[in-house]
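**Student:** build me a model:
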Amino acid sequence: MLDEIFKMQREYADMLDKSRFPKDKEERISLLCTAIIHEACELQRLCNYKWWKKPEPFDETKAREELIDIMHFVIHTALELGMDAKELFEEYIKKNNINRERQLHGY
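**Tutor:** Numbers count the residues shown, from 1 in each chain. Here you go, the predicted structure:
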């Protein structure tokens, strides 16, 4: 499934107007990080983090949409870094193992 997501994201990225996308890889990654941050803020806004404001019902459908927006930019960033689905999976496993070890040792 992850292979299919990468394929779809690559095809989508090829459709985009690149005239406003930087030529420099570092700048592209920086812009993608900015997009990830803003999408994460959109997801957070759906949560009732404002203790001073009357809470609204949590919109799980909209939250899922925002999560997928984040995922689009994460996968696009992986593509910019030359990663494929297999490499992303392998890196995830490595980091997950590190995080587990940290928890076992009082991180």
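**Student:** strands of the chain, residue ranges please.
**Tutor:** Counting by DSSP state E, one finds no strands in the chain.
**Student:** quick one: the helices in it?
**Tutor:** 2-15, 25-45, 60-80, 85-104 (DSSP state H).
**Student:** out of those helices, which comes closest to K53?
**Tutor:** Across those, K53 has its closest neighbour in helix 25-45 (11.2 Å, C-beta to C-beta). Quick note: C-beta positions are derived from backbone N, CA and C, even for glycine.
**Student:** give the buried residues for that closest one.
**Tutor:** R28, L31, L32, A35, I36, E39, E42, L43 (16 or more other C-beta atoms under 10 Å).
**Student:** let me know the pLDDT of the second one.
**Tutor:** pLDDT for L31: 97.
**Student:** isn't it right up against D24?
**Tutor:** No: with contact defined as C-beta atoms under 8 Å, L31 does not count as touching D24 (10.2 Å).
**Student:** so how far is Y49 from L43?
**Tutor:** Separation of L43 from Y49 (C-beta to C-beta, to the nearest Å) stands at 11 Å.
**Student:** one more: I29?
**Tutor:** 28 Å.
**Student:** same thing with K7?
**Tutor:** 36 Å.
**Student:** between these two, which is the more surrounded one?
**Tutor:** Comparing K7 with Y49 by other C-beta atoms under 10 Å, the one with more neighbours is K7, at 12 against 9.
**Student:** per-residue confidence for that one?
**Tutor:** 98.
**Student:** that one and I68: what is the separation?
**Tutor:** Remark: distance between K7 and I68 (C-beta to C-beta) = 16 Å.
**Student:** can you check I36 too?
**Tutor:** 12 Å.
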